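Chemist: below: sequence and its predicted model.
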Amino acid sequence: MKSILEDIKNQDYKKVYLLYGDEAYLKQQYKHRLLQALVSEEDTMNFSRFEGKGINVREVIDLAETMPFFSDRRVILMENTGFFKTKSEELAEYMSTLPDYICFLFVEDEIDKRNRMYKAVQKYGRAVEFSTQDEKTLMTWVLSILKKENKKITRPDMELFLGKTGTDMGNIEKELDKLLAYTMGREVITSSDIEAVCTTQITNRIFDMIRAVTEKRQRRALDLYYDLLALKEPPMRILFLLARQFNLLLQVKELAAEGCDQSTIAKRTGLQSFVVRNYLPMARKYERDALKKAVEDCVDTEEAVKTGRLTDVMSVELLIIRYSCNRSDS
């Protein structure tokens, strides 16, 4: 990311850029920064946009070969093309002969680094990955926004906020806007404010459901399941996320047993450090074999639905009941 900012600062641009990765918010931010520096998006004579699979490569090349009109540069933006996961030999070959006035800007979610297009961009331009940001980076970013608004928040409440929003920066910004509007006129943001206005993401609702299952609070676990169904979340997706949570608990338990600290577990599992902190006490409530059995039961439940032995809604409900029924509900 710093390399792009350096290019803009020095006005020394590559002929081709590839922005890729999971963090959509940052990709869009840097896409717009590059476009603002390179060309006006209203300049229809020198700026072109293509989106989606099925782009005509010959049309792109012909356009690139057309001299810019009363401008130093022609910019062609291509988004979600799939060129970096499939064979695009003609365009990859063309990279070596790009005119000095051209700038290709690719924005993709997924790429294959073995792909010839990716290698061509690396050789003749700049490929920049925008991955999910770590806990420290997200907290620093949120705090910088709060500071501009003269707001304060404690670390536990910051963790509560990020626990609800997840790591997607676009969603964090949206929830932060709601929080700032709700606390207008007050300096300190509290946990009550966060609970009042911030929407818990689906994966985090699943985590809350697992926590209720772990604590044998069957009524709470089922209420959360029915809430997810009311939100039109497909039962099979809930089952998938349930299996994923059990599998993560298993990984956390095994790594903790190996003597790994919280930071190491976070790196090995790809979880945020504060999320691992929440997983550890839950993982301790289970034996390793019980967690393996839970994952296997999720697989068996999926099979029961596919073969028509159970309906999707009932199958997940029975699974939740099975794993939350050993202790009196509270």
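Modeler: On my side now, so go ahead.

Chemist: phi, psi for the residue lying closest to Val39 once chain neighbours are set aside please.
Modeler: Leaving out its chain neighbours, the residue that sits closest to Val39 by CB to CB, 6 or more residues apart in numbering is Val75, at 4.4 Å. Every C-beta, even on glycine, is put in place using the N, C-alpha and C of the backbone. Per-residue torsions, Val75: phi -120, psi 130 (degrees, to the nearest 10).

Chemist: correct me, but Val75 touches Leu35?
Modeler: Yes - here Val75 lies in contact with Leu35, judged by CB atoms under 8 Å, at a distance of 6.9 Å.

Chemist: can you check which residues contact both of these two?
Modeler: Between them, Val75 and Leu35 share the neighbouring residues Phe47, Leu105, with contact defined by CB atoms under 8 Å, 6 or more residues apart in numbering.

Chemist: so for those two, which residue has more residues nearby?
Modeler: Of the pair Val75 and Leu35, Val75 is the one with more neighbours under other CB atoms under 10 Å, namely 23 against 17.

Chemist: ok, now which ones touch the more buried one?
Modeler: Counting by CB under 8 Å, 6+ apart, the residues that Val75 touches are Leu35, Leu38, Val39, Asn46, Phe47, Ser48, Ile102, Cys103, Leu105.

Chemist: biggest separation within these, which pair?
Modeler: Of all pairs drawn from those, the widest gap by CB to CB lies between Leu35 and Ile102 and measures 14.4 Å.

Chemist: for Ile111, which non-adjacent residue is closest in space?
Modeler: If the residues on either side of it in the chain are set aside, Ile111 comes closest to Phe84, at 3.8 Å by CB to CB, 6+ apart.

Chemist: pretty sure the one you found sits in a strand.
Modeler: No - secondary structure of Phe84, determined by DSSP: H, G, I helix; E, B strand; the rest coil: coil, with no strand assignment.

Chemist: could you measure from it over to Arg155?
Modeler: Phe84 sits at a distance of 39 Å from Arg155 (criterion: CB to CB, to the nearest Å).

Chemist: so those two - more neighbours on which side?
Modeler: Higher neighbour count among Phe84 and Arg155: Phe84, with 22 against 9, using other CB under 10 Å.

Chemist: chain neighbours aside, what residue packs nearest to the residue sitting furthest away from the middle of the chain?
Modeler: In terms of distance from the mean C-alpha position of the chain, Phe70 ranks first, at 40.5 Å (CA atoms, centre = their mean). With CB to CB, 6+ apart as the criterion, Phe70 has its nearest non-adjacent residue at 7.7 Å, and that residue is Met45.

Chemist: kindly report the same for Ser96.
Modeler: Nearest to Ser96 is Tyr124, by CB to CB, 6+ apart, at 6.5 Å.

Chemist: residues near Leu239, how many?
Modeler: 20.

Chemist: related to what we said a few turns ago, can you pull the contacts of the residue nearest to Ser96?
Modeler: Contacts for Tyr124 were tallied using CB under 8 Å, 6+ apart; they are Lys14, Lys15, Val16, Met95, Ser96, Leu98.

Chemist: who wins for neighbours among the residues you listed?
Modeler: By neighbour count, taken as other CB under 10 Å, the most surrounded of these turns out to be Val16 (23 neighbours).

Chemist: quick one: contacts for that one?
Modeler: Under the criterion of CB under 8 Å, 6+ apart, the contact partners of Val16 comprise Met95, Leu98, Cys103, Phe104, Leu105, Phe106, Ala120, Val121, Tyr124, Gly125, Arg126.

Chemist: which of the residues you listed are buried? Put it as a ChimeraX command.
Modeler: To isolate the buried subset of those in ChimeraX, counting by 16 or more other CB atoms under 10 Å, use the following:
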select :95,98,103,104,105,106,120,121,124,125,126
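
Chemist: JSON lines for the contacts of Val16, including distance to Arg211?
Modeler: What follows is the contacts of Val16, written out as JSON lines (distance: CB to CB, whole Å):
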{"residue": "Met95", "distance to Arg211": "50"}
{"residue": "Leu98", "distance to Arg211": "53"}
{"residue": "Cys103", "distance to Arg211": "49"}
{"residue": "Phe104", "distance to Arg211": "47"}
{"residue": "Leu105", "distance to Arg211": "43"}
{"residue": "Phe106", "distance to Arg211": "41"}
{"residue": "Ala120", "distance to Arg211": "48"}
{"residue": "Val121", "distance to Arg211": "44"}
{"residue": "Tyr124", "distance to Arg211": "50"}
{"residue": "Gly125", "distance to Arg211": "46"}
{"residue": "Arg126", "distance to Arg211": "43"}
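
Chemist: could you list which of the contacts of Val16 belong to strands?
Modeler: Under the assignment DSSP state E, the contacts of Val16 contribute Cys103, Phe104, Leu105, Phe106, Arg126 to strands.

Chemist: state the distance from the third one to Ser71.
Modeler: Shown here: Leu105 relative to Ser71, a distance of 16 Å by CB to CB.

Chemist: same check, this time on the fourth one
Modeler: In this structure, Phe106 and Ser71 are separated by 21 Å, where distance is defined by CB to CB.
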